[in-house]
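> Build me a model from this:
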Amino acid sequence: MKSVFLSFVILLIAINSQAQKTEVMLNADGGFFLFHGKSSSPVFDGEHYIFFGKAFIPSYGMSAQLQYIFSSQKIIGLSVGYENLRNENKNFGQLEVFGPLEIFGKSVLSYQFTNIFPYVGYRFNLDEEWKLDVLAGVDIGFMILAIQKENEHNLSGDTMNFTNYLYHPNIDIRPRLQADFFYKRFGFYFGYSFGVVNYAKTNNLTTDKIYSECFRMGISYKIFIKSKHDFYNKIENSIIK
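Predicted structure coming up:
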């Protein structure tokens, strides 16, 4: 573990020595998360599986990001953060509670991750103040918690609330594309990622392949910007003085 950490530090030092600019930013985003596959559905009708939802409800996340921009305008960076990816489905059908019972309601499904996003990209200088960064990388999501909250009612008006802790993969891998627009220190971004980990393997209810999918929209603020040009100017000014 120490050798891995040391190698990472050496890599950062090497990258920093070659980069023309270093930027650190804070991000907050929202978006939509759903599952893609035969057994995913916006409804539970007795045939589809309720923890593979497909209806949109807002998700949210926050992260810190470090990136290096080279003289060629190529970018390499890393984002680390937390995200709560949620979806919903409508439920109707029969529930076996002391015999068949017609139920109606909804389920809210929440998947919480510590997310790491290493990426590469390219910066387009639209003018002196507006920049566009096009990024490609991989989300590596370490699952913290997967939970389902149900609210059901029957034809008699009785209500039932359930909380279920769901089987889940420990890690979700999602290739990701993103476009970041910056005006000075402020930015906004749009991203899309598609999972390659089959969630159905974590249970014995279906043999179908079910993958995650995520759309993101967020805002950024650069808390630190350092360029070699500024560094050399300081040296030159100090020599002149």
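
> Could I get the phi/psi values of residue 13?
The phi/psi pair for residue 13 (degrees, to the nearest 10) reads phi -60, psi -40.

> ok, which stretches of this structure are strands?
For the chain, applying DSSP state E gives strands covering 21-37, 43-44, 55-56, 59-69, 74-96, 100-125, 130-154, 159-165, 171-183, 186-194, 210-227.

> will you turn those strands into a markdown table that also has distance to residue 12 and mean neighbour count?
C-beta here means a position set from N, CA and C on the backbone, and glycine is covered the same way. As requested, the strands of the chain are exported to a markdown table (distance: least, CB to CB, whole Å; neighbours: other CB atoms under 10 Å):
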| stretch | distance to residue 12 | mean neighbour count |
| --- | --- | --- |
| strand 21-37 | 10 | 19 |
| strand 43-44 | 47 | 20 |
| strand 55-56 | 38 | 16 |
| strand 59-69 | 9 | 18 |
| strand 74-96 | 9 | 18 |
| strand 100-125 | 12 | 17 |
| strand 130-154 | 17 | 17 |
| strand 159-165 | 38 | 11 |
| strand 171-183 | 21 | 17 |
| strand 186-194 | 23 | 17 |
| strand 210-227 | 14 | 17 |
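
> got JSON lines for those strands, with distance to residue 202 and mean pLDDT too?
Formatted as JSON lines, the strands of the chain follow (distance: least, CB to CB, whole Å; pLDDT from 0 to 100):
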{"stretch": "strand 21-37", "distance to residue 202": "13", "mean pLDDT": "92"}
{"stretch": "strand 43-44", "distance to residue 202": "18", "mean pLDDT": "46"}
{"stretch": "strand 55-56", "distance to residue 202": "21", "mean pLDDT": "72"}
{"stretch": "strand 59-69", "distance to residue 202": "20", "mean pLDDT": "96"}
{"stretch": "strand 74-96", "distance to residue 202": "16", "mean pLDDT": "82"}
{"stretch": "strand 100-125", "distance to residue 202": "12", "mean pLDDT": "86"}
{"stretch": "strand 130-154", "distance to residue 202": "9", "mean pLDDT": "90"}
{"stretch": "strand 159-165", "distance to residue 202": "12", "mean pLDDT": "79"}
{"stretch": "strand 171-183", "distance to residue 202": "11", "mean pLDDT": "97"}
{"stretch": "strand 186-194", "distance to residue 202": "19", "mean pLDDT": "97"}
{"stretch": "strand 210-227", "distance to residue 202": "10", "mean pLDDT": "94"}
